[in-house]
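Undergrad: no sequence for this one, just the structure:
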């Protein structure tokens with residue numbers, strides 16, 4: 001869902017009340033396509049102190065928006081980019097003096113200024129222009145004369161010749177909204193003064209245009225997609241989004257998807273509803289609402305989780321009668337917008353960090369799978385090696401019957417029934433084994449040639465089991481790294497997994513040479529011998545169970561290594577999701593008996609921090625730490641274990657319900 005012009009008008013009204021006079025203290029960039037400004041706003045009423053507010057502005061192609069948020073947004077990158085440094089230079093310390101929005105346009109302009117010199121009445125002003133226009137969204141900083149100082153996105157003349165967005169060029173507003181009538185571009189109609197006659201004329205023009213479609217593709221599209229009444233409004237009225245247009249149509253016909261029928265449409269009532277909604281621009285009688293779909297049905301979210309569907313600064317009657325939907329009202333449209341997006345852009349930016357690492361790991365995983373298939377095929381040639389040996393043995397046994405120059409011979413299988421030699425694989429009419437010959441050699445020469453092939457294949461087959469084991473270990477390591485990447489929830493955790501992937505040789509690091517140099521230096525700049533210093537894994541999670549036991553959770557390979565082999569004692573309980581990569585969970589016993597509730601809580605955490613997080617019930621193995629050991633040839637955190645028991649747990653990050661105390665089978669000590 002995109003923010004439309006009337007929603008921005010409601011947002012601007014709240015900003016005028018809350019931000020006029022507010023001082024800009026800090027500017028950060030939470031994601032690549034957004035900025036956040038911390039503003040200290042003076043008290044609205046006397047006797048109250050001022051308040052810090054965060055102004056969040058995004059130019060994301062699908063999630064573009066502008067609103068106030070209560071908490072400081074998390075940052076993806078630690079180093080501020082050039083545009084943020086530019087904003088800090090001109091805006092930090094300035095105060096908001098005016099907030100403007102062009103009528104029916106998705107553009108908000110914030111004017112901030114400060115004294116040109118101490119004690120001077122002259123003020124310097126800057127314009128922060130926020131364009132919330134889908135994939136064309138942008139954030140632009142201009143001076144008082146409209147000269148662009150910088151922008152989040154640069155738009156050159158090769159992309160848009162109408163308006164170039166670049167430093168030291170004059171700012172040009174977006175082009176006026178147009179509609180096409182009989183092949184000509186005309187200005188769109190003002191919704192606040194629309195009449196039924198104008199709507200009828202627009203409908204007739206649209207019908208004539210649709211009927212005059214000459215191409216076969218156009219006719220087919222016109223037949224399959226019946227024009228809707230709300231589409232008529234979005235094409236011809238200023239600033240009317242699909243949501244606003246459907247609301248006007250629903251209030252008229254009780255069906256937001258009503259078809260465009262020029263003869264049956266109640267044009268007078270529709271025009272009145274359009275004017276009533278458009279009047280909010282002037283009356284400012286905002287009634288913000290958020291529509292949520294409640295879970296609980298099959299294939300949907302849990303009943304306790306609500307999925308936001310839409311928000312608007314007016315009453316959304318089109319959702320009132322929809323089953324399974326809850327409508328929430330609020331005094332602030334900014335609060336509803338903040339709840340609707342709920343860190344969606346953060347997750348999208350975090351996914352952009354994961355994507356290149358995941359792609360590299362998936363490429364390596366596919367390579368390992370192809371190698372495994374080739375190794376299985378090599379094992380199948382053991383029969384071919386046995387055939388070479390059988391043919392060579394038969395040639396030596398019947399060498400007096402084989403003459404030089406023959407291209408092949410059929411010999412009886414005198415070794416049939418012996419375990420050391422196979423049954424004949426090539427038989428002609430049941431007479432014997434077919435032996436191909438090289439005419440250049442006699443029987444002994446051909447036998448020696450077949451023995452050489454046999455021994456060559458045998459030497460290769462002797463190496464295949466070790467290669468299969470090594471490839472399986474590498475595949476398990478890659479699967480574990482993919483699980484680590486899935487469990488990484490912050491940029492720092494993604495960076496730790498990426499460093500581990502680079503250390504394993506699955507990705508090239510941008511600073512690979514520098515890290516290699518640093519790894520060979522010790523204290524005082526001396527060279528270190530041996531392997532490079534491995535990357536760190538961060539600090540494992542520490543959770544207190546409901547019964548007072550400490551639970552250690554490793555969220556990546558290095559942390560698994562740390563909690564299992566450094567922080568756990570021999571009598572502590574170790575848990576891991578069965579058959580899938582995931583976290584190692586340790587229950588610190590401390591000489592006490594561990595109750596069932598703690599084991600089940602730890603099992604829920606082990607299931608949650610695993611690749612099986614999306615399942616409803618996950619088998620989790622648990623055993624004593626003393627029975628866990630490193631996998632031969634495996635990487636950090638790769639283990640094998642024994643004396644395990646299995647229970648089924650529901651993946652939960654934090655299990656709040658109390659579990660009845662019932663004994664679990666005791667672990668072997």
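TA: Arrived safely. Note that the coordinates shown come from a computational prediction; the quantities given were computed from them, not determined experimentally.

Undergrad: can we go C-alpha only for contacts and neighbour counts from here?
TA: Fine.

Undergrad: Any stretches of this protein with poor pLDDT?
TA: 45-47, 208-225, 262-264, 295-305, 343, 382-383, 417-431, 509-536, 653-669 (pLDDT under 70).

Undergrad: for the stretch 1-150 of the chain, what spans make up the strands?
TA: 23-28, 34-41, 51-58, 65-69, 95-101, 107-115, 123-131, 138-143, 148-151 (DSSP state E, counting those that start in this stretch).

Undergrad: cool, and the stretch 401-550 of the chain?
TA: Going by DSSP E, counting those that start in this stretch, the stretch 401-550 of the chain shows strands at 408-411, 433-436, 541-544, 550-553.

Undergrad: Quick check: which of those strands is buried the most?
TA: Mean neighbours per residue, mean count of other C-alpha atoms under 10 Å, is largest over those for strand 550-553, with a mean of 23.

Undergrad: Now do that one: which elements does it pack against?
TA: Contact analysis of strand 550-553 by 3 or more C-alpha pairs under 8 Å, 6 or more residues apart in numbering; DSSP states H and E lists strand 541-544, helix 557-565, strand 585-587 as its packing neighbours.

Undergrad: returning to what we had before: any chance of the strands of the stretch 1-150 of the chain in CSV with mean neighbour count as columns?
TA: Listed next are the strands of the stretch 1-150 of the chain as CSV, based on neighbours: other C-alpha atoms under 10 Å:
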stretch, mean neighbour count
strand 23-28, 21
strand 34-41, 23
strand 51-58, 21
strand 65-69, 23
strand 95-101, 19
strand 107-115, 21
strand 123-131, 20
strand 138-143, 23
strand 148-151, 22
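
Undergrad: Could you point out which of those strands sits nearest residue 205?
TA: strand 107-115 (30.0 Å; C-alpha to C-alpha).

Undergrad: The closest one: how far from the chain's middle?
TA: 35 Å (C-alpha atoms, centre = their mean, to the nearest Å).

Undergrad: Not counting its own residues, what contacts it?
TA: 5, 8, 12, 91, 93-102, 121-132 (C-alpha atoms under 8 Å, 6 or more residues apart in numbering).

Undergrad: now do stretch 188-197
TA: 177-179, 236-238, 267-268, 270-272, 274-276, 278-279.

Undergrad: now those residues: which count as buried?
TA: 177-179, 236-238, 267, 270-272, 274-275, 278 (16 or more other C-alpha atoms under 10 Å).

Undergrad: Just the buried positions in stretch 559-574, please.
TA: Neighbour-count burial for stretch 559-574 flags 559-565, 568-574 (criterion: 16+ other C-alpha under 10 Å).

Undergrad: returning to that earlier point: show me which of the buried ones among the contacts of stretch 188-197 is closest to residue 350.
TA: residue 177 (35.5 Å).

Undergrad: got the contact list for the closest one?
TA: With contact set as C-alpha under 8 Å, 6+ apart, residue 177 has these partners: 187-188, 238.

Undergrad: quick revisit: closest to residue 502 among the buried ones among the contacts of stretch 188-197?
TA: residue 177 (50.7 Å).

Undergrad: From residue 149, how far off is the closest one?
TA: 26 Å (C-alpha to C-alpha, to the nearest Å).

Undergrad: How much space separates the residue nearest to residue 313 when sequence neighbours are not counted from residue 622?
TA: Leaving aside its chain neighbours, residue 313 sits nearest to residue 288 (3.8 Å; criterion: C-alpha to C-alpha, 6 or more residues apart in numbering). Applying C-alpha to C-alpha, the value for residue 288 to residue 622 is 51 Å.

Undergrad: do residue 285 as well
TA: With C-alpha to C-alpha as the criterion, residue 285 and residue 622 are 61 Å apart.

Undergrad: on contacts alone, who are the packing partners of the lengthiest helix in the chain?
TA: The helix that spans the most residues within the chain, counting by DSSP state H, is helix 443-487. Packed against helix 443-487 by the contact rule (3+ C-alpha pairs under 8 Å, 6+ apart) you find helix 344-380, helix 382-397, helix 491-503, helix 557-565.

Undergrad: Which residues does the third one contact?
TA: For helix 491-503, the external contacting residues (C-alpha under 8 Å, 6+ apart) are 76-77, 350, 353-354, 357, 361, 481, 484-485, 488, 507-509, 534-538, 556.

Undergrad: Give me the buried subset of those residues.
TA: 76, 350, 353-354, 357, 361, 481, 484-485, 488, 507, 537-538, 556.

Undergrad: any idea which of these is closest to residue 83?
TA: For the buried ones among the contacts of helix 491-503, the nearest to residue 83 is residue 76 (15.5 Å; C-alpha to C-alpha).

Undergrad: what's near enough to touch the closest one?
TA: 30-32, 346, 349-350, 490-491.

Undergrad: How about residue 12?
TA: 99-101, 108.

Undergrad: Can you tell me which of those is nearest residue 163?
TA: Distances from residue 163 to these, taken by C-alpha to C-alpha, are shortest for residue 108, at 17.5 Å.

Undergrad: rewinding a little: okay if I get the helices and strands packed on helix 443-487 as a markdown table plus distance to residue 627?
TA: A markdown table is the format used below for these (distance: least, C-alpha to C-alpha, whole Å):
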| stretch | distance to residue 627 |
| --- | --- |
| helix 344-380 | 29 |
| helix 382-397 | 37 |
| helix 491-503 | 26 |
| helix 557-565 | 11 |
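
Undergrad: what residue of the protein is the furthest out?
TA: Here the chain reaches farthest from its C-alpha mean at residue 400, the gap being 74.0 Å by C-alpha atoms, centre = their mean.

Undergrad: measure it to residue 447 for me?
TA: From residue 400 to residue 447 the distance is 13 Å (C-alpha to C-alpha).

Undergrad: just residue 234 next, same as before
TA: 86 Å.

Undergrad: which one of the two has more residues nearby?
TA: Taking other C-alpha atoms under 10 Å, residue 234 and residue 447 do not tie; residue 447 has more neighbours (24 against 19).

Undergrad: Buried deepest among the helices and strands packed on helix 443-487, which one?
TA: It is helix 557-565: most buried of the helices and strands packed on helix 443-487 by mean count of other C-alpha under 10 Å, with a mean of 23.

Undergrad: Show me how far that one is from its chain's centre.
TA: Taking mean C-alpha positions (C-alpha atoms, centre = their mean), helix 557-565 and its chain are 26 Å apart.

Undergrad: neighbouring contacts of that helix?
TA: 480-481, 484, 536-540, 552-554, 574, 583-586, 625, 636-638.

Undergrad: tell me which of the buried residues of stretch 559-574 is nearest to residue 610?
TA: For those, the nearest to residue 610 is residue 560 (12.1 Å; C-alpha to C-alpha).

Undergrad: ok, for that closest one, nearest residue in space, not its chain neighbours?
TA: Nearest to residue 560 is residue 554, by C-alpha to C-alpha, 6+ apart, at 4.5 Å.

Undergrad: I'd guessed that neighbour sits against residue 583; true?
TA: Yes - between residue 554 and residue 583 there is a contact under C-alpha atoms under 8 Å: 5.2 Å.
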